[in-house]
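Peer 1: task: produce atomic coordinates for the following.
(one chain, ligands or ions: 2)
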Amino acid sequence: MFFIKGRLMFGLDARFLVLVLLFLTSTRDPGIVPRNSHPLEEEICYNSSVPVDASGRHTPIPPLPRTKEVFVNGFSVTVKYCDTCQIYRPPRCLHCSVCDNCVERFDHHCHWLGQCIGLRNYRYFFLLVSSSALLCIFIFAMSALNIKFVMDDYGTLWKTMKESLASVILMVYSFIFFWFAGGLTCFHLYLIGRNQTTYEKCRRRADNMQNVYDRGCFGNFLEVFCTKTKSSRYNFQAYVQEETPMRI
Ligand SMILES: [Zn+2]
Ligand SMILES: [Zn+2]
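Peer 2: Residues are numbered from 1 along each chain as shown. Ligands and ions are numbered 1, 2, ... in the order given. This next block holds a predicted model:
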């Protein structure tokens, strides 16, 4: 009785934990970089300090370079200008075509969650995937145990399966889902150990680029799990400011 009560409580706790992690991953700001409401090119063009030629017109300004070099850990990294957000993206930032936002430390856009996985929710995403894999193991083991108990009473496998059909379905379901969640957990453990994102992993394999963010396996795990999460760059509860039209 104590054993059954114990596994029931553990199962409920584990499911509650997975639901909390699902909520945190899908609702948290993944690290959206605010758009520039006054694009740099427009500011330069309409700035009164820009030289005026003999005919009274502003001297044409050359367009902004599409890329620029910044230094990360002593290595030169190329960052690109985002035409949609009108900013130079910080290193490891990418514009998500689904969310239409630039996201810091962009990992991937998760279509299951309908959310980008980035700097501020990657930790919760990994915990969600790994705890789902553990929950699958737990459900599989408990279903198998339940079938064994029923089999002790009924004797034959066919009668047992008819009597505990739910346990059989749960065993099949958790077995299939475990390969997905467990595989994803192993893949992200590998990525965390190398301090790479899914996007960087796919891109570096194509470009053969050097990983400038690698701090050693232990340092990489510390960075993901033990560093303070950066606060959001957006105040989602703030009132929308009315945009003042730019003077020409
Ligand atoms: Zn962007
Ligand atoms: Zn996205």
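Peer 1: which residue is nearest the middle of the protein?
Peer 2: With distances taken as CA atoms, centre = their mean, residue 117 lies nearest the centre of the chain, 1.5 Å away.
Peer 1: from ligand 2, how far out is the residue lying closest to it once chain neighbours are set aside?
Peer 2: Distance criterion CB to CB, 6 or more residues apart in numbering; nearest residue to residue 117, sequence neighbours excluded, is residue 107 at 4.2 Å. Using the backbone N, CA and C atoms, a C-beta is placed for each residue, glycine as well. Distance, residue 107 to ligand 2, by CB to the ion, to the nearest Å: 10 Å.
Peer 1: one more: residue 191?
Peer 2: Plainly put, residue 191 is 18 Å away from ligand 2 if you go by CB to the ion.
Peer 1: can you check residue 228 too?
Peer 2: 24 Å.
Peer 1: same question, residue 13
Peer 2: Going from residue 13 to ligand 2 by CB to the ion gives 31 Å.
Peer 1: what element comes up after the helix or strand hosting that residue heading to the C-terminus?
Peer 2: Assigned by DSSP states H and E, residue 13 falls within helix 2-27. Remark: after helix 2-27, the chain's next helix or strand is strand 32-33, criterion DSSP H and E.
Peer 1: do that next one and ligand 1 meet at all?
Peer 2: No: applying CB under 5 Å from the ion, one finds strand 32-33 out of contact with ligand 1, separated by at least 7.0 Å.
Peer 1: ok, and what's touching that strand?
Peer 2: Under the contact criterion CB atoms under 8 Å, 6 or more residues apart in numbering, strand 32-33 has outside partners 85, 87, 89-90, 93, 99, 101-104, 116, 118, 232-234.
Peer 1: please indicate which of these are buried?
Peer 2: Neighbour-count burial within the contacts of strand 32-33 applies to 85, 87, 89, 90, 93, 99, 101, 102, 103, 104, 116, 118; the criterion is 16 or more other CB atoms under 10 Å.
Peer 1: how far does the longest helix belonging to the chain sit from its chain's centre?
Peer 2: In the chain, with assignment by DSSP state H, the single longest helix is helix 122-154. Relative to its chain's centre, helix 122-154 lies at 25 Å (CA atoms, centre = their mean, to the nearest Å).
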